[in-house]
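*Asks:* Here is my input, please return the structure:
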Amino acid sequence: MHRLVLVLRGAADALAGALLAALFATFVLQIAFRYLLNWPVGWTVEVCLTLWLWLVLFGAAFCVPDREHVRFDMLEQRLSPRARWLAALLVAASLAAGFLAVLGPSLDYVSFYRIKRSATLRVPLSWVFSIFLVFAAALVLRQVWTLVRLLREPSWPERAADPGAAPGLGER
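*Replies:* Residues are numbered from 1 along each chain as shown. Sure, this is the predicted structure:
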């Protein structure tokens, strides 16, 4: 199981790297067309925006460990270990419930956009925005996994904060 997680994590990192490389190449191409050839092209802006959206949401869902996401840890650091555990439990449950609640409406929104196409490349906008569904589903699963870990092992948040702690599923 651990080997599978490592392979999937490597594949996710490789895909995020490919998205970043494509974004950079498109951006350089856009500059070259505009300033070297004096021929501004609109499709590069659309590709850059779409790649950026996909890179950010895919990376947040699969590449960035939970402890490296933006956190308000000044308050957390002042809490006792038991209160920190309860806060982690509350945050994980809230995030899982919130993103689970938006999955249905988001699916409706993305499905609606299959009739609309992007301005320049004429790509269905449902393709562009479908990454949000992947992001939301992955976030729900990650938070459910966090809840399971918290309930199984109440000392887990302290160990997860320790850089020397052994990594588990979803942690690096």
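
*Asks:* contacts and neighbour counts: CA atoms only from here.
*Replies:* Noted.

*Asks:* since we're on L23, how many residues are nearby?
*Replies:* For L23, the neighbour count with other C-alpha atoms under 10 Å is 20.

*Asks:* Quick check: it touching L51?
*Replies:* Yes - at 5.9 Å, L23 counts as touching L51 under the criterion of C-alpha atoms under 8 Å.

*Asks:* What residues sit buried inside the helix or strand containing L103?
*Replies:* Following DSSP states H and E, one finds L103 within helix 81-112. Neighbour counts using 16 or more other C-alpha atoms under 10 Å place 84-85, 88-89, 92-93, 95-96, 99-100, 103, 106-107, 110 of helix 81-112 among the buried residues.

*Asks:* Same check on stretch 49-64?
*Replies:* Buried-residue list, stretch 49-64, by 16+ other C-alpha under 10 Å: 50-63.

*Asks:* ditto for stretch 110-129
*Replies:* 110, 113, 124-126, 128-129.

*Asks:* Who are the packing partners of the following helix or strand past the helix holding L103?
*Replies:* Proceeding N to C from helix 81-112, the next assigned helix or strand is helix 125-152, under DSSP H and E. With contacts defined as 3 or more C-alpha pairs under 8 Å, 6 or more residues apart in numbering; DSSP states H and E, helix 125-152 has these neighbours: helix 43-58, helix 81-112, helix 156-161.

*Asks:* Which positions within helix 125-152 qualify as buried?
*Replies:* Across helix 125-152, burial judged by 16+ other C-alpha under 10 Å covers 125-126, 128-147, 149-150.

*Asks:* For the residue nearest in space to the middle of the chain, give me phi and psi.
*Replies:* Closest residue to the average C-alpha location of the chain: A60 at 2.2 Å, with C-alpha atoms, centre = their mean. The phi/psi pair for A60 (degrees, to the nearest 10) reads phi -70, psi -30.

*Asks:* Next one, pLDDT for it please.
*Replies:* We have a pLDDT of 95 for A60.

*Asks:* Let me see the contact set for it.
*Replies:* Residues in contact with A60 (C-alpha atoms under 8 Å, 6 or more residues apart in numbering) are 69, 135.

*Asks:* Next: Y35.
*Replies:* By C-alpha under 8 Å, 6+ apart, the contact set of Y35 is empty.

*Asks:* what's the spacing between it and F24?
*Replies:* As judged by C-alpha to C-alpha, to the nearest Å, Y35 and F24 stand 16 Å apart.
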